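# Build me a model:
(one chain, ligands or ions: 2)
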Amino acid sequence: MEIVVFGAGSLGSLLGGLLAREHEVTLVGRDPHVRTVAESGLVLSNRVADSVNPDATTDGRGLDADVAVVTVKSYDTEQAARTLETGSFDAVLSLQNGLGNEERLAAHLDCPVLAGTATYGARLVDPGHVECTGVGEIVLGPTEGGASTLADHVAEAFDDAGIRTRVAGDMPRRLWEKLAVNAGINPVTALARVRNGALDGGPIGGVARSAARETARTARAEGVELSDDAALEALETVIETTAENRSSMRQDIETGRRTEVDAVSGAVVDRAADHGLDVPTNETLAGLVRGWERSQGLREESYQ
Ligand SMILES: NC(=O)C1=CN([C@@H]2O[C@H](COP(=O)(O)OP(=O)(O)OC[C@H]3O[C@@H](n4cnc5c(N)ncnc54)[C@H](O)[C@@H]3O)[C@@H](O)[C@H]2O)C=CC1
Ligand SMILES: CC(C)(CO)C(=O)C(=O)O
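Ligands and ions are numbered 1, 2, ... in the order given. Sure, this is the predicted structure:
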């Protein structure tokens with residue numbers, strides 16, 4: 001299969017590297033990583049050790065492949081969609097965190113957009129070197145739910161490359177469940193500067209639970225069946241299984257980078273407002289993280 005991985009950072013390089021063991025892969029990313037991969041190949045280390053030679057480019061325009069896998073941060077999705085629309089694909093698969101990525105891609109693309117979640121852990125160590133910090137799984141399916149042969153084919157291609165993959169007919173519920181987990185863990189660990197495991201009780205654990213419950217309530221208002229108990233159970237499980245992790249939002253804040261808060265807490269606030277729901281915990285968390293981003297000159301627009 002011909003596969004474009006758009007966004008060759010941590011996750012994109014790991015999955016692109018794994019896919020390149022079996023398929024023709026083109027990584028779209030930025031220098032110096034892209035230049036190093038094009039010249040010397042890509043090294044995978046830690047939980048998966050390998051060395052592969054995918055194509056790599058900084059110019060994602062006019063590409064032609066069976067599938068494009070999108071792994072840019074959510075705030076870069078709009079730009080990625082505008083670039084991908086100049087190419088030709090049978091399907092585009094988003095493996096990003098947060099809400100709204102699939103809709104943003106679909107607004108520009110005339111092929112089906114599949115939704116997915118990734119629980120692999122990846123870290124770009126150096127140009128040309130990505131580390132697999134955790135072997136998880138990919139779950140993918142049609143964005144609106146239900147079955148599709150296209151989703152089956154993409155999952156088979158991932159599976160053939162040794163990536164644990166499942167097809168799911170309930171992606172809307174899964175995206176909202178993952179959103180509840182991220183809305184609970186990411187801003188709280190980022191603002192309190194604690195590892196995920198610190199949320200297993202006490203007052204900050206309570207803040208995370210409140211954010212997850214508000215997310216579940218908003219999901220139900222959107223017509224997605226996600227009970228408070230299911231959201232809280234997913235949250236507890238991830239707190240326990242990733243206890244030693246520094247969440248991606250905490251890492252972003254500690255390294256002075258923009259976060260995905262708009263697609264996480266911000267998305268809950270926006271969707272809740274559409275239904276007249278109050279989500280004070282998410283509103284407060286979104287306000288604090290956005291305030292930090294603004295203070296660092298990482299976002300320009302004004303906000304309430
Ligand atoms: N890193 C991880 O272990 C996991 C990440 N995710 C999600 O996957 C997504 C990506 O995360 P990371 O890989 O950590 O981020 P990252 O920042 O390491 O990678 C994104 C890459 O996309 C590149 N990019 C963005 N726009 C581009 C453009 N127009 N042209 C070329 N390159 C472009 C950036 O330069 C960057 O290298 C996020 O939504 C994240 O929440 C989900 C599960 C695990
Ligand atoms: C699951 C979790 C919370 C793991 O740290 C994550 O997705 C993130 O950090 O963005």
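# how about the strands of the stretch 1-150 of the chain, start to end?
2-6, 24-28, 42-46, 50-52, 55-57, 64-70, 88-94, 113-118, 121-126, 129-134, 138-142 (DSSP state E, counting those that start in this stretch).
# ok and the last one relative to strand 64-70, angle-wise?
Computed with axes from the mean of the first three to the mean of the last three C-alpha atoms, to 10 degrees, the direction of strand 138-142 lies at 120 degrees from that of strand 64-70.
# Next, format the strands of the stretch 1-150 of the chain as TSV and append mean neighbour count.
Using the backbone N, CA and C atoms, a C-beta is placed for each residue, glycine as well. What follows is those, written out as TSV (neighbours: other C-beta atoms under 10 Å):
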stretch	mean neighbour count
strand 2-6	25
strand 24-28	24
strand 42-46	20
strand 50-52	14
strand 55-57	19
strand 64-70	23
strand 88-94	23
strand 113-118	24
strand 121-126	17
strand 129-134	20
strand 138-142	24
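# Say whether ligand 2 is contacted by stretch 67-80.
No - applying C-beta under 6 Å from any ligand atom, one finds stretch 67-80 separated from ligand 2 by no less than 10.6 Å.
# what does stretch 278-294 give?
No - counting by C-beta under 6 Å from any ligand atom, ligand 2 is not contacted by stretch 278-294; separation bottoms out at 13.0 Å.
# From the chain's centroid, how far away is that stretch?
From the chain centre to the centre of stretch 278-294 is a distance of 20 Å (C-alpha atoms, centre = their mean, to the nearest Å).
# May I have that stretch as CSV, with CA atoms only?
Extracted in CSV, the C-alpha atoms of stretch 278-294 (Å, rounded to 0.1, in the frame of the first residue of the first chain):
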residue,chain,number,x,y,z
ASP,A,278,-22.4,24.9,32.0
VAL,A,279,-19.0,23.2,32.2
PRO,A,280,-17.2,25.4,34.7
THR,A,281,-14.2,23.1,35.3
ASN,A,282,-13.3,22.8,31.7
GLU,A,283,-13.9,26.5,31.2
THR,A,284,-11.5,27.3,34.1
LEU,A,285,-8.8,24.9,32.9
ALA,A,286,-9.1,26.1,29.3
GLY,A,287,-8.8,29.7,30.5
LEU,A,288,-5.7,29.0,32.6
VAL,A,289,-3.9,27.1,29.8
ARG,A,290,-4.8,29.6,27.2
GLY,A,291,-3.7,32.4,29.5
TRP,A,292,-0.3,30.8,29.8
GLU,A,293,-0.1,30.4,26.0
ARG,A,294,-1.0,34.0,25.5
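# Contacts for it next, please.
183, 187-188, 190-191, 207, 210-211, 214-215, 217-218, 249, 253, 258-259, 261-262, 265-266, 268-269, 272, 299, 303 (C-beta atoms under 8 Å, 6 or more residues apart in numbering).
# Just the ones of these in helices?
Secondary structure assignment by DSSP state H places 183, 187-188, 190-191, 207, 210-211, 214-215, 217-218, 249, 253, 265-266, 268-269, 272 of those in helices.
# What count of nearby residues applies to Ala180?
Using other C-beta atoms under 10 Å, Ala180 has 30 neighbouring residues.
# Secondary structure of it: a strand, I assume?
No - counting by DSSP: H, G, I helix; E, B strand; the rest coil, Ala180 is not found in a strand; it is helix.
# how much space between it and ligand 1?
Going from Ala180 to ligand 1 by C-beta to the nearest ligand atom, to the nearest Å gives 15 Å.
# so Gly134 touches Thr119, yeah?
Yes - using C-beta atoms under 8 Å, Gly134 is in contact with Thr119, at 7.4 Å.
# picking that back up, in CSV, list the strands of the stretch 1-150 of the chain along with mean pLDDT.
Formatted as CSV, the strands of the stretch 1-150 of the chain follow (pLDDT from 0 to 100):
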stretch, mean pLDDT
strand 2-6, 98
strand 24-28, 98
strand 42-46, 98
strand 50-52, 98
strand 55-57, 98
strand 64-70, 98
strand 88-94, 98
strand 113-118, 98
strand 121-126, 95
strand 129-134, 95
strand 138-142, 98
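# and Val37, what is it in contact with?
Contacts of Val37 by C-beta under 8 Å, 6+ apart are Ala8, Ser13, Leu27, Gly29, Pro54, Ala56, Pro127, Gly128.
# pLDDT (mean, whole number) over stretch 7-22?
Mean per-residue pLDDT for stretch 7-22: 98.
# quick one: is that stretch near ligand 2?
No - using C-beta under 6 Å from any ligand atom, no contact is recorded between stretch 7-22 and ligand 2, whose separation bottoms out at 10.3 Å.
# low-confidence ranges in the chain?
The model of the chain has pLDDT under 70 over residues 301-304.
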